[in-house]
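A.B. asks: the following block contains a protein sequence and its predicted model.
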Amino acid sequence: MNGPLDGILVVSLEQAVAAPYLSSRLADAGARVIKIERPEGDFARQYDSVVNGESSYFVWLNRGKESIQINIKDDQDLKLLKNIICKADVFVQNLAPNVVNKYGLDSEALRAQIPSLITVDISGYGEEGPFSDMKAYDMLVQSETGLATVTGSPDAPGRVGVSVCDIAAGMHGLVAVLEALYERTKTGIGKSIKSTLFAGMADWMTVPLLHQEYGGKAPERVGLSHPSIAPYEAFETGDNGKIVISIQNQTEWRNLCEKALGSNTMADDPRFATNAVRVENRVVLHSEIGAIFQTMDRDEAAKRLKAARIAFGSLNTVADLSTHPQLERTVVNSPSGPVNLVASPIRFAGVKDDFKEIPALGQHNDAIRSEFGDN
C-alpha cells in the first residue's frame, strides 16, 4: 500500500500493545515495518484465541507488518538485526527496562553509529527515577497514576475496559516519530524519542490533578455521570432502555426542560438554575428528570432529545457496536483467514482504506535474512 510514509523502513523489536500500536499506524501510512519477534513469538499472539484461533490483540495491532524471528542472545542473529537497523529510518523497542543496553541496541549506541536514525524507547516509567527498573503493565499504571480511583462506581475503583495506558504511550510515540521524520527532512538528523505509559496517562489525568492541587479535592467516582457537569449522565426509560444526555450550557438546559421533558418550571427552579447548583443537587435532579424519562420509551426519548438539539447517546453494549450504523469495517487477511477489522480512524478524502495482511510467526524469515544477511 502506497501512502505518506512510502519508502520509510521501520524496525520494531516489540511485544504486547504499546510499540505494536505505534508501528501498526506507521504501516497503515505506507511504511515498511519489520516486526522482530523472539523465537517463540510476540507473547500477545497467545493472549487469547477468539479470532479464528488467533489473538484479538495481535490481529488488531500487527496488520501490514513483516515478521522475522530473531534471538538477540545469538551473535549471528544480533548481527543480522543490526544490519537491518543500519538501513532503517526508525527503530522502535519496548522490551523490559535496560535489556537493549546489553546488546548495543540502546538509542545512544545506535544513533552514535547512525545519526539519521530515529529511535523510540517505550517503557513503563522511563529510564530515570526510582520506578525506572519496574515492569509496567496497563492496569498497574492505571492504578499508579490514580486513573482507577476516578473510574468506576461510587463503591469501588475500576479499570478502564481497554488498554488506555499502552495506547496513550503508543500514540504519543507515534506523534513524536512523525515530528522527527519531518524535522529530519530539514536537518538530516534523527531523534531519540522516549515514551512511557506513566507519562502518557499522567498527561490524560491533568484535569483531576488540577482539581486536587488547586481545589483541594479530586473528582469523586460517580459511575456513568460527569463529576463536574449536570445533567451529564445516564437515565433509564420506561422500556428499560438507557440513554445518556449531556448539557453543556444554559440554553441547552432550558431546551432540555421545556422542549424535551415538557416542563415549564424546571429550568428556573433555583435548585437547578446553574450548573454548579445542579451538580450540588445531582441526586434530586436525577430523580426528577428520571421520573419524566420513565414515561417514555427510548425511541420517544431519542426523538424528543434530537428535536430539542440536545446531545445524547444510547448506552450500547459491544454487541450493539457490532451492528452500529456508523461503524465502518475493513477486511484484512490473516493466517487463519479474513478478519473483519474496524476501519482506520484516520481518513484522507478520496483514498481507499486498505490494510495489508497480518503475518504468521516468522513468515518473512527467509526473505529478510536473504535481503539483510551478509553476502
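C.D. replies: Great, that's in hand.
A.B. asks: can you give me the helices in the stretch 101-250 of the chain?
C.D. replies: For the stretch 101-250 of the chain, the helices defined by DSSP state H, counting those that start in this stretch occupy 107-113, 138-144, 164-187, 197-204, 206-215, 250-255.
A.B. asks: tabulate the ones you listed (a markdown table), appending mean neighbour count.
C.D. replies: For glycine as for every other residue, the C-beta is placed from the backbone atoms N, C-alpha and C. Below are the helices of the stretch 101-250 of the chain laid out as a markdown table (neighbours: other C-beta atoms under 10 Å):
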| stretch | mean neighbour count |
| --- | --- |
| helix 107-113 | 15 |
| helix 138-144 | 19 |
| helix 164-187 | 19 |
| helix 197-204 | 20 |
| helix 206-215 | 12 |
| helix 250-255 | 16 |
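A.B. asks: these into JSON lines, with extra columns for mean pLDDT and distance to Glu14?
C.D. replies: Formatted as JSON lines, these follow (pLDDT from 0 to 100; distance: least, C-beta to C-beta, whole Å):
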{"stretch": "helix 107-113", "mean pLDDT": "95", "distance to Glu14": "15"}
{"stretch": "helix 138-144", "mean pLDDT": "96", "distance to Glu14": "15"}
{"stretch": "helix 164-187", "mean pLDDT": "97", "distance to Glu14": "10"}
{"stretch": "helix 197-204", "mean pLDDT": "97", "distance to Glu14": "14"}
{"stretch": "helix 206-215", "mean pLDDT": "95", "distance to Glu14": "28"}
{"stretch": "helix 250-255", "mean pLDDT": "96", "distance to Glu14": "45"}
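A.B. asks: tell me where the stretch 51-200 of the chain has strands.
C.D. replies: Counting by DSSP state E, counting those that start in this stretch, one finds strands in the stretch 51-200 of the chain at the ranges 65-69, 90-93, 118-123, 152-153, 156-157, 192-196.
A.B. asks: residue closest to the middle of this structure?
C.D. replies: Central residue of the chain (C-alpha atoms, centre = their mean): Ile167, 3.4 Å from the mean position.
A.B. asks: for Thr257, report the pLDDT, please.
C.D. replies: Just so we're on the same page, residue 257 is Cys rather than Thr. At Cys257 the predicted local distance difference test score is 96.
A.B. asks: that one contacts Thr251, doesn't it?
C.D. replies: No - the pair Cys257 and Thr251 fails to qualify as a contact (C-beta atoms under 8 Å) at a distance of 11.1 Å.
A.B. asks: that older thread, tell me, which of the strands of the stretch 51-200 of the chain is the model least confident about?
C.D. replies: Averaging pLDDT over each of the strands of the stretch 51-200 of the chain singles out strand 152-153 as the lowest, with a mean of 88.
A.B. asks: how is the chain partitioned into domains?
C.D. replies: Listed by automatic domain parsing, the domain ranges of the chain are 9-205+326-372, 232-314.
A.B. asks: CSV for the helices of the stretch 101-250 of the chain, including distance to Ala367?
C.D. replies: Shown next, in CSV, are the helices of the stretch 101-250 of the chain (distance: least, C-beta to C-beta, whole Å):
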stretch, distance to Ala367
helix 107-113, 24
helix 138-144, 34
helix 164-187, 25
helix 197-204, 34
helix 206-215, 46
helix 250-255, 58
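A.B. asks: residues in contact with stretch 289-303?
C.D. replies: 231, 235-239, 241-243, 260-263, 304, 312, 314 (C-beta atoms under 8 Å, 6 or more residues apart in numbering).
A.B. asks: try 7 Å this time
C.D. replies: If you take C-beta atoms under 7 Å, 6 or more residues apart in numbering as the criterion, stretch 289-303 is touched by Pro231, Phe235, Glu236, Thr237, Gly238, Asp239, Gly241, Ile243, Leu261, Ser263, Phe312, Ser314.
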